[in-house]
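[1] Pasting a predicted model and its sequence here:
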Amino acid sequence: MIDLNAPHSKDPLGFEDNNIEVVPAIMEHSLRFDDIKQELDESPLSFANNEQTAVFVKITTTLEGTLKIKGSWDNWASLHPMKSKFYQALNLNESVSYLVLNPGIYEYKFFVNDTFYMNDSNKLSRSDNFGGFNNYFKVLDKQVPDASLAKMLNVEELTWSKIDVEELNFSAIQGHTINLIGEEFYIFGGFYHGKFLDTLRCVSKDNCQIEQPYTTGRIPEPRAYHK
């Protein structure tokens, strides 16, 4: 049998298989460009004004059509064509862009068939303040001191140090649950200003970055002080 909640596709015989894609280490997000530039088979677009902290980033999407990408890395000044690639393991086409950026938070949109702009709803999105949405991501500096959550916990006093995060629309809450799954903490629900919440956030143990993960299915009802 297969796990329908995990990525799956039909194989050449017509059967459904679960699948994974193994990619080279150079495809990992937020690698220092200086360390891997000799391994690349093509030159990425560079918008880094500081070579010391330049970071290699891969942006992908399964949106259909002829795609170009536009983003805040150059103040939305230019459009760049994306390359279409077929991934046999997933049996799908993917459009790809390679960028070199300095650490920071970036927003972007896709220009589809030279007609209209849109975001990829399967990726992190937030309001563009014009009634639509932009995709966004955070580029980390691999050289920054380790901000591991493990170092934020005082095991003798069972207290946490306050950590700084860069994420919009994330306010102080209480009565939420935190569960560790793999290397990430998942924060769900809670109570804020007299309101019960149904929001889900994901916090990386390694860099304390907070994200809103992509989810499917019915959202649980708002709740706090739950188990």
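    Alright, I've got the coordinates. Nothing here was measured: the structure is a model prediction, and the numbers come from that model.
[2] Show me where the chain dips below the pLDDT cut-off.
    21-31, 39, 41, 87-90, 141-156, 158, 162-171, 207-208 (pLDDT under 70).
[3] Give me the domain ranges for it.
    Domain ranges of the chain: 8-139, 149-211, per automatic domain parsing.
[4] And those domains: which comes nearest Ile2?
    Among the domains of the chain, domain 8-139 comes nearest to Ile2, with 4.9 Å by C-beta to C-beta. For glycine as for every other residue, the C-beta is placed from the backbone atoms N, C-alpha and C.
[5] end-to-end on the closest one?
    29 Å (C-alpha to C-alpha, to the nearest Å).
[6] Burial-wise, tell me which of the domains of the chain comes out on top.
    Sort these by mean neighbour count, taking mean count of other C-beta atoms under 10 Å, and domain 8-139 sits at the top with a mean of 15.
[7] so how far is that one off the chain centroid?
    From the chain centre to the centre of domain 8-139 is a distance of 10 Å (C-alpha atoms, centre = their mean, to the nearest Å).
[8] got it, and stretch 7-16?
    The answer for stretch 7-16 is 27 Å, by C-alpha atoms, centre = their mean.
[9] returning to what we had before: how about the domains of the chain in TSV, adding distance to Arg218?
    Shown next, in TSV, are the domains of the chain (distance: least, C-beta to C-beta, whole Å):
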stretch	distance to Arg218
domain 8-139	17
domain 149-211	11
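[10] For whichever strand or helix holds Ser9, which helices and strands make contact with it?
    Using DSSP states H and E, Ser9 falls within strand 8-10. Identification of packing neighbours for strand 8-10 by 3 or more C-beta pairs under 8 Å, 6 or more residues apart in numbering; DSSP states H and E yields strand 16-18.
[11] Parallel or antiparallel, list what pairs with the strand it packs on.
    strand 8-10 (antiparallel) (DSSP bridges).
[12] what's next to the strand it pairs with, contact-wise?
    Applying C-beta atoms under 8 Å, 6 or more residues apart in numbering, the contact partners of strand 8-10 are Ile2, Glu16, Asp17, Asn18, Asn19, Leu90, Asn91, Leu92.
[13] State the pair within those residues that is farthest apart.
    Of all the pairs that those form, the one spanning the most space (C-beta to C-beta) is Ile2 and Leu92, at 16.7 Å.
[14] follow-up on the earlier one: among the domains of the chain, which is nearest Glu221?
    Going by C-beta to C-beta, the one of the domains of the chain nearest Glu221 is domain 149-211, 6.5 Å.
[15] who are the neighbours in contact with the closest residue to Gly190 other than its chain neighbours?
    Distances taken as C-beta to C-beta, 6 or more residues apart in numbering put His176 closest to Gly190, at 3.2 Å, once the chain neighbours are dropped. When contacts are counted by C-beta under 8 Å, 6+ apart, His176 touches Ile187, Phe188, Gly189, Gly190, Phe191, Leu197, Ala224.
[16] now Gln212
    Neighbouring residues of Gln212 by C-beta under 8 Å, 6+ apart: Leu124, Thr199, Leu200, Arg201, Cys202.
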